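Chemist: What shape does this take:
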Amino acid sequence: MTQQVDLRARHRLAPEQLRWTCDPSVFAFQTTAELKADEVIVGQDRAVRALGLGLTMNQPGYHIYVTGPVGTGRATYTRKQVQAVAATMPAPPDWCYVYNFQQPDQPVALSLSPGTGGAFRKEMAELVDELKDAIRKLLARRSWGLPFSGLPPELRRPPLVLQVNRLARSSLPRFQRRNGKRSRGAAGSLMRRSARH
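Modeler: Predicted coordinates for the structure are as follows:
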């Protein structure tokens, strides 16, 4: 029994040993109010360097994946760093994907000036409403039993299709004029394609 008492006595702690104290001289700040929570991730120097490197890579095909325990500030820190880098770069174009009637499984990508994507979406919604109204009016007043076989190929399409195409072709330039520039690239090819059909 005395041997057990000796083991306990050897490991017994004095009350002053039960309290840990921190030496304030190890810190480079006076109070924690001087620290900004989103500027540092404690113990993640390698991750911070990797994120910095990833954000400076200006090549396609590079991605950044951030993972870690919940509550460490990784998402806040990453978002702040990405926003800081993005603020130094020119605004990217707006990208819109529109239905491709010739190849339905391959949408057409339109690159628009920064900030004009919302206006384009609104214009297209208005165009759809105009087309619905035009189609409803045409169907109400026309008889569709006319034969088309004796007509030249460009006139063999029903008048409804021709009018819808004309309306669609006239709407895209209107959008372009409102947004200050003519379409190039994919939008222009969409216009040329619709003009042919």
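
Chemist: can you give me the helices for this protein?
Modeler: Along the chain, the stretches classed as helices by DSSP state H are 2-11, 45-56, 74-87, 117-141, 159-178, 186-196.

Chemist: quick one: average confidence on the fifth one?
Modeler: Across helix 159-178, pLDDT averages out at 64.

Chemist: Numbering from 7 from now on, please.
Modeler: Noted, 7 is the first residue going forward, which turns the last one into helix 165-184.

Chemist: Give the full set of residues in contact with residue 31.
Modeler: Contact criterion CB atoms under 8 Å, 6 or more residues apart in numbering gives no residues in contact with residue 31. (Each C-beta comes from the backbone N, C-alpha and C, glycine too.)

Chemist: By average pLDDT, which secondary structure element in this structure comes out worst?
Modeler: Across the helices and strands of the chain, mean pLDDT, DSSP states H and E gives its lowest value to helix 192-202, namely a mean of 47.

Chemist: hey, what's residue 114 bridged with?
Modeler: residue 104 (DSSP bridges).

Chemist: distance of it from residue 103?
Modeler: Applying CB to CB, to the nearest Å, the value for residue 114 to residue 103 is 7 Å.

Chemist: Tell me which of these two has more neighbours.
Modeler: The neighbour comparison of residue 114 against residue 103 (other CB atoms under 10 Å) goes to residue 114, with 17 against 11.
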